[in-house]
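Chemist: Generate coordinates for the sequence data below:
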Amino acid sequence: MVRFAARDPGSANVLAALLAKCGSNSSFEPDVWSMPRAAEVFERAGVSSHLFSEEVTPDEMDRKWRKHPASLLITGTSHQAPFEAVLWQLARRRSCPSLALLDQWCNLPLRFQHGQPDYVGAIDAVQAGDLIHMGFSPDKVLVVGHPWLTDLLERCERQACTPKTQEDREAVCVLFVSESIAADVANGKNPPYGFDEIDSFDVLYRAACQAGELGTKVSLAVKFHPYENPARFRDFLNKLAPPPLVKLACAPQETDPRSWVLWSDLVVGISSMLLFEAMVLGRP
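Modeler: Predicted coordinates for the structure are as follows:
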């Protein structure tokens, strides 16, 4: 049995794309473990998974593994509390090889702060060099590309688009891709950036207001990060008084973010993977 596991949406996208490629092999027996945010992505991709709560303990995971042993483990990576790292340790104790696939180019040291898999799949040769510099043995680093972006490129013409209102059709539609920077810094998950998601949005908002004052209609939507509590951001938006030609909206968190990328004429963000997906989908 091959076990796949992901904590975060980005990891789930990569693993779901890989599973789609393997689906036609009748001898392939996948077993997918996930946490809530990743499970939402797997569900959209038609992949069933064993769901673990955010509070799951290593002992609980160990008991689950003993009941359902695997011969190979393929995971994503996360810089949140350990999930994949616990599985790498459980697999190693059972002589089960483990491979971790990366979905982003940033936060590499944080993704392996709780342990390392037997092998790691780098997106490109530059990232492979970064991993080797971090201490991974060269023979344990495999350049595998990015299965999710490759899959998205192959099916981009079939992606659904969020419908535009008449007001949107007369405007420049801009999507701001938010991240939970303020909360992650406050919780010690990331070092201080010197700015947060609202600071970044404010730069974009002021530019939209300037465009509106010069006669250009702007429809500005915010897509919250899956781990982000939007209350603080919504409070900020509610206090704004945009000029008449600037419209503000929030993308519902349960919708596929790709549909909002296709709704937009321009995608703006900080370091989100959705920026790369926007390029694949033909949006600057």
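Chemist: and the closest residue to Cys106 other than its chain neighbours, what does it touch?
Modeler: Nearest in space to Cys106, with sequence neighbours left out and distances taken as C-beta to C-beta, 6 or more residues apart in numbering, is Ser271 at 5.5 Å. Every C-beta, even on glycine, is put in place using the N, C-alpha and C of the backbone. By C-beta atoms under 8 Å, 6 or more residues apart in numbering, the residues touching Ser271 are 104, 106, 179.
Chemist: so where is this protein shaky, pLDDT-wise?
Modeler: Along the chain, the model assigns pLDDT under 70 to residues 23-27.
Chemist: which helix is the longest one in it?
Modeler: If you go by DSSP state H, the chain has its longest helix at helix 197-213.
Chemist: Run through who's touching that one.
Modeler: Under the criterion C-beta under 8 Å, 6+ apart, residues 172, 174, 176, 178-182, 218, 220, 222, 225, 228, 232-233, 236, 240, 242-246, 268-270 lie in contact with helix 197-213.
Chemist: Out of those, which sit inside strands?
Modeler: Counting by DSSP state E, these place 172, 174, 176, 218, 220, 222, 246, 268-269 in strands.
Chemist: how far out from the middle of the chain is stretch 162-171?
Modeler: Taking C-alpha atoms, centre = their mean, to the nearest Å, the mean C-alpha location of stretch 162-171 is offset from the chain mean by 27 Å.
Chemist: and if you look at stretch 272-281?
Modeler: Chain-centre distance of stretch 272-281: 11 Å, with C-alpha atoms, centre = their mean.
Chemist: How many residues are close by the nearest residue to Phe195 once chain neighbours are set aside?
Modeler: Leaving aside its chain neighbours, Phe195 sits nearest to Ile181 (7.6 Å; criterion: C-beta to C-beta, 6+ apart). When counting by other C-beta atoms under 10 Å, one arrives at 22 neighbours for Ile181.
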